[in-house]
Structures are given as C-alpha cells and as structure tokens.
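[1] Got a predicted structure plus its sequence, pasted below:
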Amino acid sequence: MENKKLINLSHISKSFDGELILDDLNLYIRENEFLTILGPSGCGKTTMLRIIGGFETPDAGQVIFDGKDITKLPPNERQLNTVFQKYALFTHMTIADNIAFGLNIKKKSKQYIQDKIKYALKLVNLDGYENRMPDSLSGGQQQRIAIARAIVNEPKVLLLDEPLGALDLKLRQDMQYELIRLKNELGITFVYVTHDQEEALTMSDTIVVMNKGYIQQIGTPEMIYNEPQNAFVADFIGESNIISGTMVRDKLVNILGANFECVDEGLGINKSVDVVIRPEDVDLLPPEKGIIKGRVTSLIFKGVHYEMEVMANGFEWLVHSTDLVPVGQEVGIWVDPFNIQIMNKPESDDEEAVGVVDE
Amino acid sequence: MRERFKRKMQTSGVFRQLLAGPYIVWMVAFIVIPLLLIAYYGFTVKTDDGLRFSLSNLTLIANPINLKALGLSLELSLISTIICLILAYPIALMLRNRNVGSDSFVIMIFMLPMWMNFLLRTIAWQNILEKTGVINSLLSVFGIKPLNLINTSGAIVFGMVYNFLPFMILPIYNVLVKIDQNVINAARDLGANAFQTFIKVILPLSVPGMISGITMVFVPSLTTFVISSILGGSKIVLIGNVIEQQFKFLGNWNAGSGLSLVLMIFILISMALVSIYDKDDVKGF
Ligand SMILES: Nc1ncnc2c1ncn2[C@@H]1O[C@H](COP(=O)(O)OP(=O)(O)OP(=O)(O)O)[C@@H](O)[C@H]1O
Ligand SMILES: [Mg+2]
C-alpha cells in the first residue's frame, strides 16, 4: 500500500478516571485502505475510534486529517462518518428519512436526495424499504441501513465499530463480503473495529493489533498471522502453541529439552525466547522419526480437520491435521524450521509495544 | 397432542383471569361504582314524586356564570400547562446531560416540594403573597407600595405551576434519559450541530413524555378548586369551585354530578386532541 497518509494519530493519550486507556499511540491510516483495529475487550478500540470521530478529546496528542489538525473539531465538521455498534437509527423516522438525514442537513436538492436514497438502498440490497420504520427491520437490515445512512454523505473515511457484533454467524459472513464489495465499489477508507480475529483476517488490508492501550503490531493479515511479533499477537490471532525456549545458537532453539532447527539468527546465545508454532504446522510422525515423542490425549473432529492434543515433554501440543491419529497412540513431533516463530520475551507491556510504531 | 396443548392453554387462561381477580374487584369498587353513581346523580333530578331522568343538570353549564368559570378554568390551566412545559423541558434536559443516574441529589431537589402536603404548600404561598404577606412586607422595607398579588388569576396560575411542575419534569426526564447517546452522536456525526440535533432528534423522540406531562398538569389544573379558593379568593371562580359549591354548600348532588360529567367530556376531548397531535407529530418530523 503506497497510498497517501490520510489520517495520522500522533502521540495520542487518554485516561478515564485516572486510568490510562490509550498511551502515546501513533498510527497512520492510508487513503483507500481497509484498516482493522483488533484487540480484546476493553483494550481501547472504541475510545480510539471515538477520538477519530470527534466524540472524545484526547488528553494529549493530535489527530491530523489530510494535513489538518482536527483534534478539537466537533464531529459534525469532520469529513468522516461512523457506523455505530448498535445501529443508532432514528426510530421516529422512515428508512428514507434516516438515509436522507445528513443530506437534508447539507441542504441538498430534493432530486439529489431522492437519487441518493435509491442508490444507497440498492447498494445495501434493500430496494423498496424507503417507507418502512426502523423497528420493523431485522438486525442485519438495520445495520445495512446504518451503513447506507453513513455512505450517502460520501465521507472520505468510514468508521465502523464492531458493526457485525450483534449478528449471527451466517449473516455476519454474508455482511463481511458485502462490506468488502462496498469498500471496493465506493473506494473510501474503512477503519474497522473488531475483537474477532477471523473477521480481521478476512477483510483487512492492514491489521492493527492492540492490547491494554498499546499497539502490539501493525501489518498485513499474512504478516500478522505468519510472523507475529510477540506472544500476545500469536495467541490472539488464531490458535497457537506458545512455548518458552532458549536459543542454543543461530538457527537452533531448545524447547522442552530438545533442540529444534529454525531459521532465526542474531538473537544471541542462551537468550530466553517465546516460540510460536501454529497447530497446523505440527507434523505427527511415527515415534522414532520425530524430534520429541508424545502421546495423543484427545481428538475432536472439526469439519475441515481433526483437532488433537498431544502430551509431549510436559507440554500439551495443539495439533490440526486432516489425518486421524487415535487417542492413546504414541507419536513423534516434527516441525519444519520455517514454521517455527521465535520472539523475544517481553519484560513488560511497554516493551511489547516498542519498535512497532515505526513505519 | 394438539388437543392437550389447547386444553393447557385454556386452563392457564383461567388461572391468569383468577390472578386478575383482586384488581378487578378494586377497579369496580373504586372506579366503576363511583363513576356510575356520578352518572346516576348527573342524569336525574329530585321531584316530589321521586327521581326522574333529566338532562337539566348537564345543561346547567350553559348558565353564564358557570360558562364563564369553565372558560376561565380552560384558559388558566392551558396557560399553566404551557408555562410548565417551557420550564420543565430545559430542567429535564439538564438533568439528563448531568447523567443524574448516579447522583440523584439534583432530581431530589426538584421533587422535594412534592413530599410536603399539597394544602400546606398552597397555604404557605397564600401567606407569602398576601397584602400583608412576606413579599409585601419586604417591599415596604424599601418603601415600595404593596403589590396586589393575591386573589388574581396570576396567583392561581402561579399556584398551579408551582404544584404541578414536577409532574411535567418527571415524564419528560424519563423519555430523555432513555434516548441512546449513540443516536445523538449519530446525528452529530451526520453533520447536525447541537441545535439541529435537538430539533430533529431529541425533541421528536421526547414527544411521548411531553404528552404525558401535559396530561398530568392540564387535568388537575382544570379540576382544581383548592388552589383557586386559597390563592384566588372568592372573586375568581373556576369550574372546580362551582362544582365544589354544589356539593358542599348547596347540597345539590345532582347539579354537581352533572357539571362534573360536562367537565369530564371536556377533558376527554382535550386528551383526544393531544393524542391525535402526538401521532401526527412523530411521523411528520
Ligand atoms: N466514558 C468513559 N468513562 C470511563 N471509562 C471509560 C469510558 N469509555 C471507556 N472507558 C474505559 O476505557 C476502557 C476501554 O474502553 P473501550 O470502549 O475503548 O474498549 P473496547 O476496546 O472498545 O472494548 P470492547 O471490545 O468491549 O468494545 C475500558 O476499561 C472502559 O471501561
Ligand atoms: Mg468497543
């Protein structure tokens, strides 16, 4: 992505009741990007979005939009629109009036507004709903109206706060595709908040992983998934085996008393590290062929694969495989060196965030 | 299977009706029977050979004195309802924005007068407004001539507003706190400034609260006789006073009941008007 930087959050801090929620946060959002802010509940995602939207003022730092400082600008003067988590439709107005709200404020012509309503309803697949009241729509339909109401204003940026949080799985997946389609059709920047890692991986160009008010990692979905920068990211994005280890030398790490080949260099000798191995990267072989031996302790059929737990050298390994290995069977564990991720052990939350914000 | 299901439904229906029993008894005893009695007295007159059906009690309202009292009642209660609305709305809005849920102290301040006896409050104001009352004594200290405060329409309106204001604040406050902050944020987000947000979102969403507030102030104002006799003296007569006199001093229960029925019709009409406006309003914005 080499588009221009549209929003720049610079040294943003925010506390509530003396508790630091966002700590010296820095982030670029590029034009035309689908950027997802991902993190566990309470980590400050909504607060960050509210600061961008203008519903909250940071205690320190600046929000730069298209080169201008908008930190103190009220929401109605910002060129961005928000889709709220619980729809926040105007229940006393028809669907058409809801969608027309922003355009009426801007005193657009009747014809223009009519055309826009029609266009927006078509875009969200709800033609003919003009005269319905919001309460008579299903949750998914209301959410789509909330999106239509925002996009008719042609914002440069659309802020979405867990817009699919209240929908069931099937509808959520459908809406994910609709949102991607919408984004491509409209060509605007999406800033999307979620705590669902799968949703983030599916939809985003860029993922920002947050924890406790700090940015943990910024990157493409592939980067975040394949090369997590610390144990928190690895654990939060998909399932993984996170094991403490020690570097024996370059390209060799000792975990659970055995030496595993890896591809990482320059971490130092005898350094404590976190080792991340994805469950699908653990290969189960006959006992004598593995690096360490273990025994299968549980087996669950998950549809596309089997999920097994293997007790080996005192650690319960999570393994995903299309081959079934029955419970009780002795196996050998082997991991391809390329699939072993090695990370420095963080000493504190602060350290987790260090070195992540540089572009 | 279906039969059994149906039977179960029926028995549970009977059971539910049984639960409603005490309430029905209460309603009959304290609402239906008194209403029937008023209707019975209102539609009859005493003659030498017993009671006779008649509409003459109702047509008493056409008597110029009574008509004038009714007109004045409508006028003063309308004025006090409007004043209450104008005063109550900003207070309710302020209470909402302060998010009083946690410190209900502010709301208590406004509700405090309600905990005092209604009669006491009104008599207290009589003492304050009197010719030789608190205000005029204070004024005389500064050499200002005593003002004619008591026994005026203004004093009655003041009494009504003072007594019934909480009944306007509470229902409006109740609908205002239920408006989701995100809905207000959404309006701001879509470009509305604070004033536009108020006119287009907050005000229409609070109409139900205003309607119940109007009802709760207008009806007691229209029927009051205590406020008008304490603060209005004997010269200003409201329809409530006319009815009170029929019952208490003239002993003519038939005439009093007849006039009450007429007043009830006026209340029903005004409530119907208000509720029509309610429906139009919510859709129309
Ligand atoms: N207005 C406020 N007053 C006090 N504390 C607040 C306020 N808004 C947020 N917080 C606190 O800030 C922290 C972060 O809240 P935020 O809503 O940003 O979390 P989030 O990441 O969006 O979580 P979720 O995924 O649950 O929505 C929480 O601990 C919350 O209690
Ligand atoms: Mg949130």
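    On my side now, so go ahead. Numbering: from 1, shown residues only, chains lettered A, B, ... in the order given. Ligands and ions are numbered 1, 2, ... in the order given.
[2] Going along the chain, name the strands of the stretch 251-359 of chain A.
    Secondary structure of the stretch 251-359 of chain A (DSSP state E, counting those that start in this stretch): strands located at A:252-255, A:258-261, A:272-277, A:282-285, A:292-301, A:306-312, A:315-321, A:330-335, A:341-344.
[3] Can I get these in a markdown table including mean neighbour count, distance to chain B and mean pLDDT?
    C-beta coordinates here come from the backbone N, C-alpha and C atoms, glycine included. Shown next, in a markdown table, are those (neighbours: other CB atoms under 10 Å in any protein chain shown; distance: least, CB to the nearest CB, whole Å; pLDDT from 0 to 100):
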| stretch | mean neighbour count | distance to chain B | mean pLDDT |
| --- | --- | --- | --- |
| strand A:252-255 | 20 | 48 | 94 |
| strand A:258-261 | 16 | 50 | 93 |
| strand A:272-277 | 21 | 38 | 91 |
| strand A:282-285 | 18 | 45 | 94 |
| strand A:292-301 | 16 | 36 | 94 |
| strand A:306-312 | 19 | 39 | 94 |
| strand A:315-321 | 18 | 39 | 94 |
| strand A:330-335 | 20 | 47 | 95 |
| strand A:341-344 | 20 | 39 | 87 |
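[4] what's the burial count for the residue of the stretch 101-250 of chain B found nearest ligand 1?
    Nearest to ligand 1 in the stretch 101-250 of chain B, going by CB to the nearest ligand atom, is residue B:181, at a distance of 9.9 Å. With neighbours defined by other CB atoms under 10 Å in any protein chain shown, the count for residue B:181 comes to 12.
[5] can you list the domains in chain A?
    A:5-226, A:239-344 (automatic domain parsing).
[6] Please identify the deepest-packed of these.
    Here the criterion is mean neighbour count by mean count of other CB atoms under 10 Å in any protein chain shown, and of the domains of chain A the winner is domain A:5-226, at a mean of 19.
[7] What is the end-to-end distance of it?
    Terminal residues of domain A:5-226 lie 26 Å apart, using CA to CA, to the nearest Å.
[8] residues in chain B within reach of chain A, list them.
    By CB under 8 Å from any CB of the partner chain, the residues of chain B that approach chain A are B:180, B:182-183, B:185-193, B:196, B:200-201, B:204-205, B:282-283, B:285.
[9] check contacts around the residue at the greatest distance from the centre of chain A.
    Here chain A reaches farthest from its C-alpha mean at residue A:288, the gap being 40.7 Å by CA atoms, centre = their mean. By CB atoms under 8 Å, 6 or more residues apart in numbering or on different chains, residue A:288 lies in contact with residue A:332.
[10] Up against ligand 1, what does the stretch 101-250 of chain A have?
    residue A:195 (CB under 6 Å from any ligand atom).
[11] Smallest gap between the stretch 101-250 of chain A and chain B, at which residue?
    Using CB to the nearest CB, residue A:102 is the residue of the stretch 101-250 of chain A that sits closest to chain B, at 3.7 Å.
[12] Show me where chain B has its strands.
    In chain B, the strands defined using DSSP state E lie at B:44-47, B:50-53.
[13] Can you say which of those strands is packed in most?
    Mean neighbour counts were compared across the strands of chain B using mean count of other CB under 10 Å; the top stretch is strand B:44-47, at a mean of 14.
[14] helices and strands around that strand, which ones?
    Packing partners of strand B:44-47 (3 or more CB pairs under 8 Å, 6 or more residues apart in numbering or on different chains; DSSP states H and E): strand B:50-53, helix B:56-59, helix B:253-284.
[15] I'd like those laid out as a markdown table, including mean pLDDT and distance to residue B:243.
    Formatted as a markdown table, the helices and strands packed on strand B:44-47 follow (pLDDT from 0 to 100; distance: least, CB to CB, whole Å):
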| stretch | mean pLDDT | distance to residue B:243 |
| --- | --- | --- |
| strand B:50-53 | 86 | 20 |
| helix B:56-59 | 90 | 11 |
| helix B:253-284 | 81 | 5 |
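[16] residue ranges of the helices in chain A, please?
    Here chain A has its helices, by DSSP state H, at A:45-53, A:95-105, A:110-123, A:139-151, A:169-186, A:197-203, A:221-226, A:231-236, A:349-353.
[17] okay if I get those as a markdown table plus distance to residue B:138 and mean pLDDT?
    Formatted as a markdown table, the helices of chain A follow (distance: least, CB to CB, whole Å; pLDDT from 0 to 100):
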| stretch | distance to residue B:138 | mean pLDDT |
| --- | --- | --- |
| helix A:45-53 | 52 | 95 |
| helix A:95-105 | 51 | 97 |
| helix A:110-123 | 60 | 94 |
| helix A:139-151 | 58 | 92 |
| helix A:169-186 | 69 | 86 |
| helix A:197-203 | 71 | 91 |
| helix A:221-226 | 76 | 92 |
| helix A:231-236 | 72 | 88 |
| helix A:349-353 | 66 | 48 |
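[18] For residue B:56, find the nearest of those.
    For these, the distance to residue B:56 is smallest for helix A:95-105, at 53.7 Å, taking CB to CB.
[19] residues making contact with that closest one?
    Contacting residues not belonging to helix A:95-105 are listed as A:76, A:81, A:89-90, A:93, A:112-113, A:116-117, A:120-121, A:126, A:129-134, A:137, A:145, A:148-150, A:152-153, B:187, B:190-192, B:196, B:200 [CB under 8 Å, 6+ apart].
[20] could you check the angle helix A:139-151 makes with that helix?
    Here helix A:95-105 runs at an angle of 20 degrees relative to helix A:139-151 (axes from the mean of the first three to the mean of the last three CA atoms, to 10 degrees).
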